[in-house]
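K.L.:
Attaching a predicted model along with its sequence, questions to come.
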Amino acid sequence: MRPRRTSRRRPARRRPARRSRKQGQQQDQHIALLVAAVVAAVVAVSLAVAAVRWLLVHWWVLALAGVIAAVVAGWWFQQVRQRAEWARVRARALRLRIAEIDALDHRAFEFAVRDLMRRDGCTAEQLGGAGDNACDVRAVDPADRVWAIQCKHRRDGDRGSAVGVGVLQQVNGTARQIHGADIAVVLTNGRFSSKAVPWGRQHRIHLVDRNTLGEWAAGSRPLWDLLDRIPPPRRSTALS
């Protein structure tokens, strides 16, 4: 008898996984976007080339646009310079009577002091408010000296409460250390206590009372001309 042949089954071939419909759609979208980008680039280049050719033929249009731009720019710069000059003229003409100062509130008083410092040629900013570290107005005068000014407004003027040593102590602890001041000032439309005057002199705190403030605000002399023991300028100027 012949031995039986054992049949061997061949392993089934694995069919390649079909691409999902979603992947096909995404690929089609990418191709469409790429084609659109290429078309847009070709159109942009064509328009740019056409514009350059047109300008080469009509060169006078480009020249006219340049002239108009130059005229507009010159007019704009002239307006800016004129407004700045008007602001300087108004600042130089600033005069305040002590009665006007009494009628201000404490915040407007700080801005008035800032404007008076600017009138005298300083760069000045108002800092008063929460966290001002006992400096309501910080200014740099034409001689590069830094001023730290603490303002104390009294609605009743010299009939109001006197500014005492406590305020001067606060200024003494922050004017030079925090604000880098060469000149520390406490300024009021009222008066200082009897103890504050010698304390300020001892600790180089300049006190501007009602009389000095009135002379400064109503006149044309800068504040440093009205105070004693002002430190020398950091740099020489026409005013020093």
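P.N.:
Perfect, thanks for sending it.

K.L.:
Beyond the strand or helix carrying Gly166, next helix or strand please.
P.N.:
Counting by DSSP states H and E, the element that carries Gly166 is helix 165-174. Next in sequence after helix 165-174, counting helices and strands by DSSP H and E, comes strand 183-188.

K.L.:
Sheet partners, orientation included, of that next one?
P.N.:
Here strand 183-188 is paired, per DSSP bridges, with strand 146-152 (parallel), strand 205-208 (parallel).

K.L.:
buried sites along it?
P.N.:
Neighbour-count burial for strand 183-188 flags Ile183, Ala184, Val185, Val186, Leu187, Thr188 (criterion: 16 or more other C-beta atoms under 10 Å). C-beta: built from backbone N, CA, C; applies to glycine.

K.L.:
leaving aside the residues next to it on the chain, what's closest to the fourth one?
P.N.:
Once its chain neighbours are removed from consideration, Val186 has its nearest residue in Gln150; the separation is 4.9 Å (C-beta to C-beta, 6 or more residues apart in numbering).

K.L.:
wait, doesn't the one you found sit right on Ala134?
P.N.:
Yes - here Gln150 reaches Ala134: they are 5.4 Å apart, a contact under C-beta atoms under 8 Å.

K.L.:
More neighbours: the two, which one.
P.N.:
Shown here are Gln150 and Ala134; by other C-beta atoms under 10 Å, Gln150 has more neighbours (26 against 22).

K.L.:
can you pull the contacts of the more buried one?
P.N.:
Ala134, Cys135, Asp136, Val167, Gln170, Val171, Val185, Val186, Leu187 (C-beta atoms under 8 Å, 6 or more residues apart in numbering).

K.L.:
Same list (those residues) but as CSV, adding pLDDT and distance to Gln78.
P.N.:
Formatted as CSV, the contacts of Gln150 follow (pLDDT from 0 to 100; distance: C-beta to C-beta, whole Å):
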residue, pLDDT, distance to Gln78
Ala134, 95, 43
Cys135, 97, 38
Asp136, 97, 36
Val167, 98, 47
Gln170, 97, 47
Val171, 98, 44
Val185, 98, 39
Val186, 98, 43
Leu187, 98, 38
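
K.L.:
count of residues packed around Gln29?
P.N.:
10.

K.L.:
Then Trp76?
P.N.:
Neighbours around Trp76, by other C-beta under 10 Å: 10.

K.L.:
What residues does it make contact with?
P.N.:
Residues near Trp76 by C-beta under 8 Å, 6+ apart: none.

K.L.:
So for it, what's the pLDDT?
P.N.:
On pLDDT, Trp76 comes in at 81.

K.L.:
Now do the SS call for it.
P.N.:
Here Trp76 is recorded as helix under DSSP: H, G, I helix; E, B strand; the rest coil.
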